[in-house]
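[1] quick one, what's the 3D model for this:
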Amino acid sequence: MDETIRERSGLVNDSDKLVTFIYLLGRDHLPVGEIEEIMKGISKDEFVFSNGWLAKYAQDVKNRLRRK
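    Numbers count the residues shown, from 1 in each chain. Presented below is the predicted three-dimensional model:
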């Protein structure tokens with residue numbers, strides 16, 4: 001990694017797995033604008049999922065991210 005670029009961008013370190021997950025998602029897989037559009041759709045207190053298997057996978061990922 002080029003330390004000069006890292007220094008100019010803010011030298012951020014974080015041990016939170018969710019922050020790391022979102023960072024890698026935005027860096028390698030989804031434009032940040034798409035992540036923001038998803039965030040806009042998460043304004044409800046509860047979401048009704050149409051695909052139970054995918055919802056259970058999302059819950060599993062959440063649980064693994066929360067473990068220390």
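[2] show me the helices in this structure, by range?
    3-9, 17-28, 32-40, 52-66 (DSSP state H).
[3] so for E46, which of these sits nearest?
    Closest to E46 of the helices of the chain, according to Cβ to Cβ: helix 52-66, at 12.0 Å. From N, CA and C alone the C-beta is placed, and that goes for glycine too.
[4] ok and the closest one relative to helix 17-28, angle-wise?
    110 degrees (axes from the mean of the first three to the mean of the last three Cα atoms, to 10 degrees).
[5] deepest-packed of the helices of the chain, please.
    helix 17-28 (a mean of 12; mean count of other Cβ atoms under 10 Å).
[6] give me the angle between that one and helix 32-40.
    140 degrees.
[7] state the mean pLDDT of helix 17-28.
    Helix 17-28 carries an average pLDDT of 96.
[8] go on, stretch 31-51?
    91.
[9] which residues are contacting it?
    22, 25-26, 55 (Cβ atoms under 8 Å, 6 or more residues apart in numbering).
[10] that older thread, could you export the helices of the chain as CSV, including distance to E46?
    What follows is these, written out as CSV (distance: least, Cβ to Cβ, whole Å):
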stretch, distance to E46
helix 3-9, 37
helix 17-28, 20
helix 32-40, 16
helix 52-66, 12
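[11] quick one on the thing from earlier: and the contacts of stretch 31-51, which two are furthest apart?
    Every pair of those checked by Cβ to Cβ; the farthest is G26 and A55, at 22.7 Å.
[12] just send the contacts of stretch 31-51 back as TSV, with distance to I5 too.
    Below are these laid out as TSV (distance: Cβ to Cβ, whole Å):
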residue	distance to I5
I22	20
L25	20
G26	17
A55	39
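[13] how many other residues sit next to F49?
    11 (other Cβ atoms under 10 Å).
[14] ends of stretch 34-45, how far apart?
    Across its full length, stretch 34-45 reaches 21 Å end to end, with Cα to Cα, to the nearest Å as the criterion.
[15] so what's R8 up against?
    Applying Cβ under 8 Å, 6+ apart, no residues contact R8.
[16] what's near enough to touch the residue nearest the centre of the chain?
    Geometric centre of the chain, nearest residue: I22, 2.5 Å, by Cα atoms, centre = their mean. Residues near I22 by Cβ under 8 Å, 6+ apart: I35.
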